[in-house]
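> Test case, fold it:
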Amino acid sequence: MLVNFNVAGDLANLLLSYLDDNPLKNNDSEIAALRTKLSQYNANSRMPFTDWWHALEVIAKLYQKPYIGLEVGAYIQPSHCGVLGYLSLSCEYLAEALQRFERFQRLLYEGNEAFTQAQGNLVTFSWPFDYGYSTRESDEVLISSMASYVRMLVGNEDLKPTRIGFVHIKPKDITPYSNLLGCEVEFECKNTYVSFPVSMLTLKVEKADPALRALLDQQAHALLDVLPNGDHFEQQFYKYVLRAMQDGKPTIDEVAGYMKMSSRTLHRRLEERQLVFKELLKKTRQQLAQQYLKEGRLTLSEIALLLGYSEQSAFTRAFKQWLGETPLRFQKRLLD
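Predicted structure coming up:
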């Protein structure tokens, strides 16, 4: 059931941002209690869905707005999305950013995961309910956040979804939905969904965030240790190894495709430099893993996904083979 799952602790700051920008004159004690509760979560923690739902319920009651989730979602920033925010900012085109969202969405929230479907001139993200339904406010935050985030990534405030659907009952007044979302909205749907025009996928990502840029710099510094004197070809190779890892497909075929050559050609060019793909991938993963653990900003599951592992357990086994100890033991030893 969805009640057994969590959302990212970063999302607590999304709610705090809304509270900061919309101060209330009354209900000081309730606001203070809510702030205290939300402040216990940080970038390396997880918030139970029950706490997330309760916080949204309290905010809806305090502000007496039945569509509060739409307003909260409009406050979304990359920093509220943790590593998923960083990954979207490192993409060149919106299509790639949305693919990253689909792959890494469980870092932001667990349980029901969106699937993508392209049909005609629309691409649709739809959330099934394999683990049960979320609350109306939570679904509104999700959809509003996604619509706002897409606009922010491409730097176009006029960009709107084509159509949005909610599973909850149609409210008496749907004007706030139309006004805040800027598109056709339907209710009592089978799944919660949001549709965008396919043409939007080719838009370039324009947004830059200095705070999250640090993670990208972290990767670059780690790679300098792996390849201190690489030529242009090797620099490009490592750039695309990173991309392949983030896409969850760190294979020679995938990297060769990014570099617009056959895997046989890539193998030959590496061989000319007395380099072996599997050894380079292993060394890159090891170097980045150690760097991430030293920095301490990412959870083990986030590190695992960034390195191209489908599960945290696979990353832990690999790390133990590299260094003879688990990632947690390695990190703890650094802090002792």
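> Which residue would you name as the spatial centre of the chain?
In the chain, the centroid-proximal residue (C-alpha atoms, centre = their mean) is L84; its distance is 2.3 Å.
> can you tell me the helix or strand for it?
helix 83-89 (DSSP states H and E).
> could you dump that helix to PDB, C-alpha only?
Only the C-alpha atoms of helix 83-89 are listed here, as PDB (Å, rounded to 0.1, in the frame of the first residue of the first chain):
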ATOM      1  CA  VAL A  83      19.500  14.600  -7.500                       C
ATOM      2  CA  LEU A  84      16.600  14.300  -9.900                       C
ATOM      3  CA  GLY A  85      16.800  18.100 -10.200                       C
ATOM      4  CA  TYR A  86      20.500  18.000 -11.000                       C
ATOM      5  CA  LEU A  87      20.000  15.300 -13.600                       C
ATOM      6  CA  SER A  88      17.400  17.300 -15.400                       C
ATOM      7  CA  LEU A  89      19.600  20.400 -15.400                       C
END
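> ok, back up a step: can you tell me how far the residue nearest to the centre of the chain sits from L328?
L84 sits 23 Å away from L328 when distances are taken as C-beta to C-beta, to the nearest Å. Where C-beta positions appear, they are placed from N, C-alpha and C, glycine not excepted.
> Compute the distance from the centre of stretch 299-310 to the centre of its chain.
Chain-centre distance of stretch 299-310: 12 Å, with C-alpha atoms, centre = their mean, to the nearest Å.
> buried residues in it?
T299, L300, S301, E302, I303, A304, L305, L306, L307, G308, Y309 (16 or more other C-beta atoms under 10 Å).
> Which residue lies closest in space to the last one, excluding its sequence neighbours?
Once its chain neighbours are removed from consideration, Y309 has its nearest residue in F315; the separation is 4.3 Å (C-beta to C-beta, 6 or more residues apart in numbering).
> one step back: would you check that the residue nearest to the centre of the chain makes contact with R100?
Yes: using C-beta atoms under 8 Å, L84 makes contact with R100 at a distance of 7.3 Å.
> ok now stretch 18-38, how far from the chain's centre?
Centroid separation for stretch 18-38 versus its chain: 27 Å, with C-alpha atoms, centre = their mean.
> How far does that stretch stretch from one end to the other?
By C-alpha to C-alpha, to the nearest Å, the extent of stretch 18-38 from end to end equals 12 Å.
> so how far is G248 from the residue nearest to P66 when sequence neighbours are not counted?
Take P66 and drop its neighbours on the chain: the residue closest to it by C-beta to C-beta, 6+ apart is P171, 6.1 Å away. When distance is defined by C-beta to C-beta, P171 is 39 Å away from G248.
> And those two? Which one has more around it.
Just comparing P171 and G248: by other C-beta atoms under 10 Å the higher neighbour count belongs to G248, 17 against 14.
> Low-confidence ranges, the stretch 201-336 of the chain, go.
207-231 (pLDDT under 70).
> Report how many residues lie close to S17.
Counted with other C-beta under 10 Å, S17 comes out at 16.
> Ignoring the adjacent residues along the chain, who's closest to it?
Nearest non-adjacent residue to S17 (C-beta to C-beta, 6+ apart): Y75, at 4.9 Å.
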